[in-house]
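Participant: Structural data only, the sequence is not supplied:
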């Protein structure tokens, strides 16, 4: 599975024995136990708490013997910044999703046909040709978004067992930075052009907003949807000239104080139509739907799953990483099969995840930077080393080699104050990451 590490012990430091195979066993056990929710729910409810308790206890017992806390402390700054960057990107995405779903009104979502998707056609064709057992396996909900998030957290904590290269918060910083960039790129992709959902009933089921289009859409979109000649004329004059089509009621405008500018973006529900929404705040309006009901390019679920697979492939290569890639492909076909996304969204999510993980390699990498530093220093001192050898200056040679060796060493000891600070900040930031994952579990 993962490459083995040499056990290190420094003066006064407890002996630390890596367990490089622990992560693969834990991951497979977690996926297997969690799938019991489909096969035997009562048994799943009994076993899962014991599994989580065992994993938490194992981490707690290993933490005092972990020799790389110094690296974790040094990486806290980038980790905290990555958390806030990801949360900011998710906030921007949430506002954008709400806007593109509500601006055209609920009737548009219901009446607009889904786009033709050859990927969906292919899966329906395979349903007719493949054995029923294979089709049932493809339909089975083996893993969901939260599984990939938990697998990633397990990878981060696996540094305690020597499975992945420290620091664990460095892996986290890279993952969340990649996700934040991906979310912003996603907004830039789906916001300019609004595409209909592959599930026409979704908006009616999940959103409470006006059935008619927003005044912006009434002026710039709906007049030109039925007559091609109007579109031709629009191209010539390059101005919105047509009168609005239909007689629509006025927009509901609540009093949101300093956040009043969000009314046209979030388009809150009218209490006359939805009595339970009286005096609803902008935040309640934003968080209720939990996700968009038009096509969002690219798939956020696939982005998360690919980032998890890429992190495992780099930090813990082996058959376990290969299994995660198989699960990613299974999730991809389910996204298309269940019409959560079109095939193009899934395809774009696959290559964007790979690209973004490569893009952020400067934050954390499996490569040993200390070895690279020693190599560079040796190259710079090559001339001096050759000269000392020619002169027979043994002491000079020893000094040069000692300097090169010290360049690759690090102090592993933490003072008591540093341990308290490290524990507090790491606990807080990892808690923030967990909350962010829970709050965004719908993609």
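Facilitator: All right, it came through fine. What you see is a predicted model; the values in this text were computed from it and never measured. Numbering: from 1, shown residues only.
Participant: Flag every buried residue along the one helix or strand residue 182 maps to.
Facilitator: Under the criterion DSSP states H and E, the helix or strand holding residue 182 is helix 168-190. By neighbour count, and taking 16 or more other CB atoms under 10 Å as the criterion, the buried residues in helix 168-190 are 168-187, 190. For every residue, glycine as well, the C-beta is placed using N, CA and C.
Participant: Also stretch 331-338?
Facilitator: Of the residues in stretch 331-338, 331-337 count as buried by neighbour count, 16+ other CB under 10 Å.
Participant: Going by distance to residue 356, which of those wins?
Facilitator: Ranked by distance to residue 356 (CB to CB), the buried residues of stretch 331-338 are led by residue 332 at 16.7 Å.
Participant: The helix or strand hosting residue 146 to helix 168-190, inter-axis angle?
Facilitator: Residue 146 belongs to helix 145-157 when elements are defined using DSSP H and E. For helix 145-157 and helix 168-190, the angle between their directions (axes from the mean of the first three to the mean of the last three CA atoms, to 10 degrees) works out to 150 degrees.
Participant: Who are the packing partners of helix 145-157?
Facilitator: helix 22-34, helix 168-190, helix 300-315, helix 416-439 (3 or more CB pairs under 8 Å, 6 or more residues apart in numbering; DSSP states H and E).
Participant: Comparing the ones you listed by mean pLDDT, which bottoms out?
Facilitator: For the helices and strands packed on helix 145-157, mean pLDDT drops lowest on helix 416-439, to a mean of 60.
Participant: Need the contact partners of the helix holding residue 146.
Facilitator: 23, 26-27, 30-31, 34, 55, 59, 163-164, 168-169, 171-172, 175, 301, 304-305, 307-308, 311-312, 315-316, 324, 327, 433-434, 437, 441-443 (CB atoms under 8 Å, 6 or more residues apart in numbering).
Participant: so for that helix, what's the average pLDDT?
Facilitator: The predicted model gives helix 145-157 an average pLDDT of 90.
Participant: for stretch 257-265, same thing?
Facilitator: In this model, stretch 257-265 has an average pLDDT of 90.
Participant: Show me which residues of that stretch are buried.
Facilitator: Of the residues in stretch 257-265, those buried (16+ other CB under 10 Å) are 262-263, 265.
Participant: Quick check: end-to-end length of it?
Facilitator: One end of stretch 257-265 to the other measures 15 Å (CA to CA, to the nearest Å).
Participant: Please tell me how far it is from the chain's geometric centre.
Facilitator: 29 Å (CA atoms, centre = their mean, to the nearest Å).
Participant: okay, and for the stretch 51-200 of the chain, where does confidence drop off?
Facilitator: Across the stretch 51-200 of the chain, no stretch falls below the confidence threshold (pLDDT under 70).
Participant: ok, back up a step: which one of the buried residues of stretch 331-338 is nearest to residue 138?
Facilitator: Proximity of the buried residues of stretch 331-338 to residue 138, judged by CB to CB, is greatest for residue 333, which lies at 6.2 Å.
Participant: Which helix or strand lies directly C-terminal to the one helix or strand the closest one maps to?
Facilitator: Using DSSP H and E, the secondary-structure element containing residue 333 is helix 319-337. Beyond helix 319-337 in the direction of the C-terminus, DSSP H and E gives the next helix or strand as helix 343-359.
Participant: And residue 312, how close does it get to residue 91?
Facilitator: For residue 312, the distance to residue 91 under the criterion CB to CB, to the nearest Å works out to 28 Å.
Participant: ok, these two, which is more surrounded?
Facilitator: Between residue 312 and residue 91, residue 312 has the larger neighbour count (other CB atoms under 10 Å), namely 28 against 12.
Participant: Now residue 195: phi and psi?
Facilitator: phi -110, psi 150 (degrees, to the nearest 10).
Participant: That one - how many residues pack around it?
Facilitator: The criterion is other CB under 10 Å. On that basis, residue 195 has 17 neighbouring residues.
Participant: for the one 3 residues further on, same thing?
Facilitator: For residue 198, the count of nearby residues is 21 (other CB under 10 Å).
Participant: part of a strand, is it?
Facilitator: No - assigned with DSSP: H, G, I helix; E, B strand; the rest coil, residue 198 falls outside any strand and is coil.
Participant: Can you list the low-confidence ranges for the stretch 301-443 of the chain?
Facilitator: Short version for the stretch 301-443 of the chain, where the test is pLDDT under 70: 366-393, 396-443.
Participant: what do you get if the cut-off is 50, keeping everything else the same?
Facilitator: Low-confidence segments of the stretch 301-443 of the chain, defined by pLDDT under 50, span residues 373, 410-412, 440-443.
Participant: picking up where we left off before, of the buried residues of stretch 331-338, closest to residue 288?
Facilitator: Checking the buried residues of stretch 331-338 against residue 288 by CB to CB gives residue 335 as the nearest, at 23.2 Å.
Participant: who touches residue 241 in this structure?
Facilitator: The neighbourhood of residue 241, defined by CB under 8 Å, 6+ apart, consists of 233-234.
Participant: a helix runs through it, doesn't it?
Facilitator: No - counting by three-state DSSP, one finds residue 241 to be coil, located in no helix.
Participant: I'd like the distance from it to residue 224, if you could.
Facilitator: Distance check for residue 241 against residue 224: by CB to CB, it reads 10 Å.
Participant: what's the answer for residue 117, then?
Facilitator: 26 Å.
Participant: picking up where we left off before, and the helix holding residue 146 with helix 22-34, angle?
Facilitator: 160 degrees.
Participant: Looking at this structure, which helix is longest?
Facilitator: helix 76-102 (DSSP state H).
Participant: buried ones in it?
Facilitator: 76, 78-80, 82-83, 85-87, 89-90, 92-102.
Participant: Kindly report the same for stretch 227-245.
Facilitator: Within stretch 227-245, the residues that qualify as buried are 234, 242, counting by 16+ other CB under 10 Å.
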